[in-house]
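Asker: build me a model:
(2 chains)
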There are 2 protein chains.
Amino acid sequence: MGMPRLPALVWLKTYDRTALGDDLMASVIVTIMLIPQSLAYAMLAGLPPEAGLYASMLPLVAYAAFGSSRALAVGPVAVISLMTATTLAEVVAAGHGSYGDAAMVLALLSGLFLVLLGVLRMGFLANFLSHAVIVGFVTASGLLIAVGQLRYLLAVDGEGHNVFAMAASLITKVPATHLPTLLIGVGAILFLLFVRSRLGPLLLRLGMRPRLVAYATRAGPVLAVIASIVLVGALGLAARGVPVVGDVPAGLPSLHLPVPDLALVLALLPSAVLISVVGFVESISVAQSLAMRRRQRVVPDQELVGLGAANLAAGLSGGFPVTGGFTRSVVNFDAGAVTPMAGVFTAVLMGLTAAFLTPVFHDLPKAVLAATIIVAVLSLVDLGAIRRTWRQAPGDFAALAATMIGVLTVGIEAGIVLGITVSLSIHLWRSSRPHIAVVGRVPGTEHFRNVDRHAVQVCATLLSVRVDESLYFANARFLEDRLLELVTARPEVKDVVLLCSAVNGIDGSAVETLESINERLRVAGVRFHLSEVKGPVMDTLKRTDLLTHLSGEVFFTQHDAMQALAGEAPVEPDRDRPATRAALAGAPGRD
Amino acid sequence: MGMPRLPALVWLKTYDRTALGDDLMASVIVTIMLIPQSLAYAMLAGLPPEAGLYASMLPLVAYAAFGSSRALAVGPVAVISLMTATTLAEVVAAGHGSYGDAAMVLALLSGLFLVLLGVLRMGFLANFLSHAVIVGFVTASGLLIAVGQLRYLLAVDGEGHNVFAMAASLITKVPATHLPTLLIGVGAILFLLFVRSRLGPLLLRLGMRPRLVAYATRAGPVLAVIASIVLVGALGLAARGVPVVGDVPAGLPSLHLPVPDLALVLALLPSAVLISVVGFVESISVAQSLAMRRRQRVVPDQELVGLGAANLAAGLSGGFPVTGGFTRSVVNFDAGAVTPMAGVFTAVLMGLTAAFLTPVFHDLPKAVLAATIIVAVLSLVDLGAIRRTWRQAPGDFAALAATMIGVLTVGIEAGIVLGITVSLSIHLWRSSRPHIAVVGRVPGTEHFRNVDRHAVQVCATLLSVRVDESLYFANARFLEDRLLELVTARPEVKDVVLLCSAVNGIDGSAVETLESINERLRVAGVRFHLSEVKGPVMDTLKRTDLLTHLSGEVFFTQHDAMQALAGEAPVEPDRDRPATRAALAGAPGRD
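Answerer: Predicted coordinates for the structure are as follows:
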């Protein structure tokens, strides 16, 4: 839709020194956030720390070239890293190659799938992840991640495929806790929570400028990292059993295309698809929010290509699946990034980090990384949203609960698939039983409303029925049943008008059903009419024989129909007449 | 809904001598049709002939007690018999007990499932079989059945799991054809076709009363049966290699409850579910058609109980799955059946047949039964409907084609499942990309129509958008994308009104999306309004916080909104302005 295949060409044309200054400033701030995150999420994904650094370089450059958002910050994120970890654990346990290779192939497959979706303009598929499923999935993943990180705080081995098994395994190992590690970890958590919720108001009270305050509160993780490195180094804690990151190879990633065997590809494919879709949904939401603030546009199908390119780059350079992160992108935007060049600068700074700073990370306690992960993911657990869903939309809550239960008991993928199935089933079930109302004329107007809700005029020989749903195979027979029931309860009816103002579309099955209704009414001596048929529906009907078979007419408005068909003066319905009451009883009154 | 659990109690109360006479007359005519059909469909199901007779006794009595249709004639039908045959062949090949036992268990399971659906009021599930899937399934089954019967005409063995393998296997065996059998079979087919299409007009020209003519043309199969028995007996053809029905045990079925093992039940369960659903769809269609002619009612959930009882009876008395047959029910109705007592009489007549007439069937050639099946199922092959679907509804055609291909290449169940999947996917895909139109006021009216289709008035700072679909998770983000795109293309817009006249429902995801649209527009300095919100949608919105967060208002009508928000006099849009044109280009014009 007018966006070139390489969106970078647009903003590069007008790129100037002001933009460069803004982007450079933003990239410094994002890098400070990204260093601890990239190390932590690599640990979460079950990979060595350098994989996190590598996943935060070339993917950012690739996204800058192909993505359509000006402010999205791409890199490893919590949920995708967890999905990567569980996927890798499974395929490596099944004997399909090494962890690192499998991670790269997973990123490549995910990248290919995203590009394919983008090129085929299939981004709409992500819409089938309903809000309820996303909330349930993110909340359950947050719990899963937090429980999974506890083993780093206790410095024990933990295992288990679901959250309950994991917790049980940890509890048996509490006696083996390494106390100094626990103290460091808990200290880091308390520090991070303090920075997140208390430091800002404090600094503001001390008179610091709000913008600086915002940056300071984002620097919490990097401060915790620095402080803990100094502490471990000074006290020689690594030698006393505190697990640390250890040696991180210095230097940039080497580019190479892993040559996977088919069995590995097939084993990774389903997870790659889900990781792609989940990553895209997370990314597109934040990209759209940020774009709207400056009235810019993100093009969903172009975003797929951008994220796909980022993942291909991750796969070629020793990384693992990445996507646009929420907090990181907001920081990037607030810090003044005006083009994706900020991402390129961030990549360069991460490259410098990988080249020169890796020795610094040797003494970084894993417990501090676990603490940053726990504090980050606990903000994903949105109990308010769950309560709200329960109160406002029971159907949505069912999908949410199914997703959470699936994720917590079986696994992430099972949870998502279960959630999608439940939400689609509920939607289909609802649309298969549409609201159908007998309508009458509001006295003195040309409006027609539900006889159950309003004092309206009806005519004994004329039955006007409104159906509030597009007609398709799953609800056509329901309409037929209800309509014939209503007619059967009213032996005096000679004309039936189906008011189609709420019918937005119609399929072949529904046309057949209208034919059948028409025919059944005809043999019963009743004429069948339509009114207020919309353009697209009329176009469909004109391609069929229904209009030539129709025993009645198609009226432009329901008012016209009543004018033409009311044999006697319309009257208010007598609600005590048994036939009326019986027929009305079947139709729960909504309008 | 007012119908007692035992509908028989209603009509028995007023049962009199006139009704008895009518029902008795109808039952004689139906029995004459049913004798050859029951033998033929037992053969089609891969069962001995007496199973067909048994399936035409107690099930009819059970349906008479529990069914809600006055004229439905229950018994073995072609498509269900074929499904039974393929199911039995599979489970017996897998070593789960004998043919006969498996058939009875299949009928029992099918009966239990139908009763369960009825008691839980889940009859609507059958609506998910779209018309296209049914046409595809019935047509393909007809072909499958016809090809499968050819081996009886040639008197050779035939095998193959799909229609192509079957045909290929038959072709290799043509040289082994038994000529006398082929002559009898082809003769029977020609005779039946003659009776079906030519005899009626001939008799009418000869002055016979139309009603008698109708009965005479239905007696074709029984005449073919009698003639062929006489022929085979007179010429001693059975001894010369013409395969005949042979000994049929005389007497009534013994009642017994087969005690199946769990493995057999599990193996049969999926097929039992599909057989139930397909049988129910066939049955309910004909029951509704007939009921409407006399302005009677059938209650779908009660029909489930009636058919369930019939299948339970079949399972307990040596039969196999049954349902309401189309032709047979129409004959029953036309012959004057006024209550299900006609079915009871038919059952008694079938009982007399089983008790006294079975020796007569010894010499009945299987080729004649095959001929009656072939002529019956060829009328199921409705090429006109397929052509019509292709022309009128390409989406429906895709589902139809998928079903046919599935049935013909893999099997009946695979075909149905594939068809349902395709038709649901197409529906969901459509509803996930609703029609969204920018609307303006038709000059001099309070009507608002698509700016692409009509010369309407718009106001530069006010964007009015109509969405033609209920809002739910699969299309909410699509609306958001389109809306933000439209606003981004119009920097002068200060107010956006979403015209909700075609929104019949809204779910939690869509509410969240409206919240998000509201928030994104707010940060861009644009107010977000709603207009013409329907009652049920408003009820949902009132349970959420959207209305308190809404930056704009909810207007009763779009006209009110325009009155309140148009800062300047509305003008006709300038279609040459690039922004307008770009925005319009995205919206294919429908209204």
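
Asker: helices or strands up against whichever helix or strand A:R388 is part of?
Answerer: With elements delineated by DSSP states H and E, A:R388 resides in helix A:383-392, which encompasses its position. The contact analysis (3 or more Cβ pairs under 8 Å, 6 or more residues apart in numbering or on different chains; DSSP states H and E) places helix A:383-392 against helix A:131-154, helix A:394-409, helix B:508-523. Every residue, glycine included, has its C-beta placed from N, CA and C.

Asker: what helix or strand is the residue nearest the centre of chain A on?
Answerer: Central residue check for chain A by Cα atoms, centre = their mean: the C-alpha nearest the mean position is that of A:V281, 4.3 Å away. Assessed by DSSP H and E, A:V281 sits inside helix A:262-293.

Asker: which of the residues in that helix are buried?
Answerer: By neighbour count on 16 or more other Cβ atoms under 10 Å in any protein chain shown, the buried set for helix A:262-293 is A:264, A:267-268, A:271-292.

Asker: now the angle from it to helix B:508-523?
Answerer: For helix A:262-293 against helix B:508-523, the angle by axes from the mean of the first three to the mean of the last three Cα atoms, to 10 degrees is 40 degrees.

Asker: how far does helix A:262-293 sit from its chain's centre?
Answerer: The gap between the average C-alpha position of helix A:262-293 and the chain average comes to 9 Å, counting by Cα atoms, centre = their mean, to the nearest Å.

Asker: same check on stretch A:47-62?
Answerer: Stretch A:47-62 has its C-alpha centroid displaced from the chain centroid by 24 Å (Cα atoms, centre = their mean).

Asker: using CSV, list the CA coordinates for that stretch.
Answerer: As requested, the backbone C-alpha atoms of stretch A:47-62 are provided in CSV (Å, rounded to 0.1, in the frame of the first residue of the first chain):
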residue,chain,number,x,y,z
LEU,A,47,22.1,-20.5,25.9
PRO,A,48,25.6,-19.1,26.7
PRO,A,49,25.7,-15.3,27.4
GLU,A,50,27.3,-14.4,24.1
ALA,A,51,24.3,-15.7,22.2
GLY,A,52,22.3,-12.8,23.9
LEU,A,53,24.9,-10.3,22.7
TYR,A,54,24.9,-11.6,19.2
ALA,A,55,21.1,-11.6,19.1
SER,A,56,21.3,-7.8,19.9
MET,A,57,23.5,-6.8,16.9
LEU,A,58,22.8,-7.9,13.4
PRO,A,59,19.0,-8.4,14.0
LEU,A,60,18.7,-4.7,14.8
VAL,A,61,20.5,-3.7,11.6
ALA,A,62,18.3,-6.0,9.6
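
Asker: so which residue of the stretch 1-150 of chain A comes closest to chain B?
Answerer: In the stretch 1-150 of chain A, the residue that lies nearest chain B is A:S130 (3.2 Å; Cβ to the nearest Cβ).

Asker: my guess is that residue contacts B:A510. True?
Answerer: No - the pair A:S130 and B:A510 does not pass the contact test of Cβ atoms under 8 Å, sitting 9.4 Å apart.

Asker: neighbour count for the two, which is higher?
Answerer: Set side by side, A:S130 and B:A510 show more neighbours around A:S130, with 31 against 27, by other Cβ atoms under 10 Å in any protein chain shown.

Asker: now the more buried one: how far from A:P300?
Answerer: The span separating A:S130 from A:P300 equals 17 Å under the rule Cβ to Cβ, to the nearest Å.

Asker: shaky segments in chain A?
Answerer: Under the criterion of pLDDT under 70, the regions of chain A flagged as low confidence span A:1-5, A:160-161, A:292, A:295, A:567-591.

Asker: can you list the buried residues in stretch A:519-535?
Answerer: So, applying 16+ other Cβ under 10 Å, buried residues of stretch A:519-535: A:520-522, A:524, A:526-534.

Asker: quick one, strands of chain A?
Answerer: Using DSSP state E, the strands assigned to chain A run over residues A:74-75, A:323-324, A:436-441, A:448-450, A:462-467, A:495-499, A:527-531, A:554-555.

Asker: just give me the neighbour total for A:D539.
Answerer: By the other Cβ under 10 Å criterion, the neighbourhood of A:D539 contains 12 residues.

Asker: so how far is chain B from it?
Answerer: With distances defined as Cβ to the nearest Cβ, to the nearest Å, the gap from A:D539 to chain B amounts to 8 Å.

Asker: with A:V537 instead?
Answerer: Look at A:V537 and chain B: by Cβ to the nearest Cβ, they are 10 Å apart.

Asker: tell me the contacts of the closest residue in space to that residue that isn't next to it in sequence?
Answerer: Closest residue in space to A:V537, ignoring its immediate chain neighbours: A:I506 at 5.0 Å, by Cβ to Cβ, 6 or more residues apart in numbering or on different chains. Residues in contact with A:I506, defined by Cβ atoms under 8 Å, 6 or more residues apart in numbering or on different chains, are A:S470, A:L471, A:Y472, A:V537, A:T540, A:L541.

Asker: let's see 7 Å
Answerer: With contacts defined as Cβ atoms under 7 Å, 6 or more residues apart in numbering or on different chains, A:I506 is in contact with A:S470, A:L471, A:V537, A:T540.

Asker: how many other residues sit next to the closest residue to A:E446 other than its chain neighbours?
Answerer: Excluding its sequence neighbours, the residue lying closest to A:E446 (Cβ to Cβ, 6+ apart) is A:H559, at 4.1 Å. Here the count is done by other Cβ under 10 Å, and A:H559 has 16 residues near it.

Asker: kindly export stretch A:453-468 (C-alpha atoms) in CSV.
Answerer: This file holds the C-alpha atoms of stretch A:453-468, laid out as CSV (Å, rounded to 0.1, in the frame of the first residue of the first chain):
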residue,chain,number,x,y,z
ARG,A,453,-39.0,-4.4,24.3
HIS,A,454,-41.2,-1.7,22.8
ALA,A,455,-44.9,-0.8,22.5
VAL,A,456,-45.1,-1.2,18.8
GLN,A,457,-47.8,-1.8,16.2
VAL,A,458,-48.1,-5.2,14.4
CYS,A,459,-50.6,-6.6,11.9
ALA,A,460,-52.0,-10.1,12.5
THR,A,461,-51.5,-11.4,9.0
LEU,A,462,-48.0,-9.9,8.7
LEU,A,463,-45.0,-11.3,10.6
SER,A,464,-41.9,-9.1,10.5
VAL,A,465,-38.7,-10.7,11.8
ARG,A,466,-35.2,-9.2,12.2
VAL,A,467,-32.1,-11.4,12.4
ASP,A,468,-29.0,-9.7,13.9
